[in-house]
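Undergrad: The sequence isn't on hand, but the structure is:
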């Protein structure tokens, strides 16, 4: 692969992953019932609306879950992977295999979003626990559904919250046992997605 193709792969992978991140954030923020009027939420809505609005006419929601966002994420991941494979000079695999790789990539990014949101929330709880910054509020709203079930089982330790540690362990176990094994089982090559 020559230098121009490597640069093209880098650009496609970076921009594609960034848009995929925005689409998945839209799904997650709706899932956790985050503040819709938060300026960051509004940006995410505006960035995804042009592709999501026509898709919603075909793909309805189900039980309060925004299925259209997941379908859009799957399509974006699939298209990005197909472009990267072609830029690398390889033949495209069967559609089902590409679809399986896309599912693995989306699941890996889904876990990474929560992992990094937890890291940010831990740091913010030390340096800006009472901040009213829209980004800080959104991070805490994102992490709360992951941490709340863990807090129910942990005994109170006098203001010391150990739930993020157990959430990190759970997310890392899912990454090691589920994502890695799914990538190996589907024959997914490394470098197709930034999340792996």
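TA: Thanks, I have it. In this text, all values refer to a predicted model and were calculated from it rather than measured experimentally. Numbering: from 1, shown residues only.
Undergrad: Scan the protein for its longest helix.
TA: helix 95-127 (DSSP state H).
Undergrad: and that helix, what other elements does it pack with?
TA: Under the contact criterion of 3 or more Cβ pairs under 8 Å, 6 or more residues apart in numbering; DSSP states H and E, helix 95-127 touches helix 3-31, helix 67-87, helix 134-153, helix 163-174, helix 180-185. Where you see a C-beta, it was placed from the backbone N, CA and C, and this is true even at glycine.
Undergrad: Sketch out the low-pLDDT regions of this protein for me.
TA: For the chain, the stretches flagged by pLDDT under 70 are 1, 156, 196.
Undergrad: tell me the residue furthest from the middle of it?
TA: For the chain, the largest distance from the centre (Cα atoms, centre = their mean) belongs to residue 158, which lies 33.2 Å off.
Undergrad: measure that one to residue 167 for me?
TA: Using Cβ to Cβ, to the nearest Å, we find residue 158 at a distance of 20 Å from residue 167.
Undergrad: likewise residue 159?
TA: In this view, residue 159 and residue 167 are 18 Å apart by Cβ to Cβ.
Undergrad: More neighbours: these two, which one.
TA: Remark: of residue 159 and residue 167, residue 167 carries more neighbours, 22 against 5, as counted by other Cβ atoms under 10 Å.
Undergrad: contacting residues for that one?
TA: Counting by Cβ atoms under 8 Å, 6 or more residues apart in numbering, residue 167 touches 114, 118, 143, 146, 147, 150.
Undergrad: who's in contact with the spatially most central residue of the chain?
TA: What sits nearest the mean C-alpha location of the chain, by Cα atoms, centre = their mean, is residue 110, with 3.1 Å. Residue 110 sits next to 24, 28 when contact means Cβ under 8 Å, 6+ apart.
Undergrad: so how far is residue 142 from it?
TA: Between residue 110 and residue 142 the computed distance is 12 Å (Cβ to Cβ).
Undergrad: overlap in contacts of the two?
TA: residue 28.
Undergrad: Look up phi and psi at residue 65.
TA: With angles defined as degrees, to the nearest 10, residue 65 sits at phi -100, psi 130.
Undergrad: Hmm, it is touching residue 32, no?
TA: No. Residue 65 is not in contact with residue 32 according to Cβ atoms under 8 Å; the separation is 11.9 Å.
Undergrad: What strand or helix carries residue 92?
TA: Assigned by DSSP states H and E, residue 92 falls within no helix or strand.
Undergrad: What is the neighbour count of it?
TA: Around residue 92 there are 11 residues (other Cβ under 10 Å).
Undergrad: Please apply the same query to residue 44.
TA: Neighbour tally, residue 44, other Cβ under 10 Å: 24.
Undergrad: Does it touch residue 22 like I think?
TA: Yes. Under the criterion of Cβ under 8 Å, residue 44 makes contact with residue 22 at 5.6 Å.
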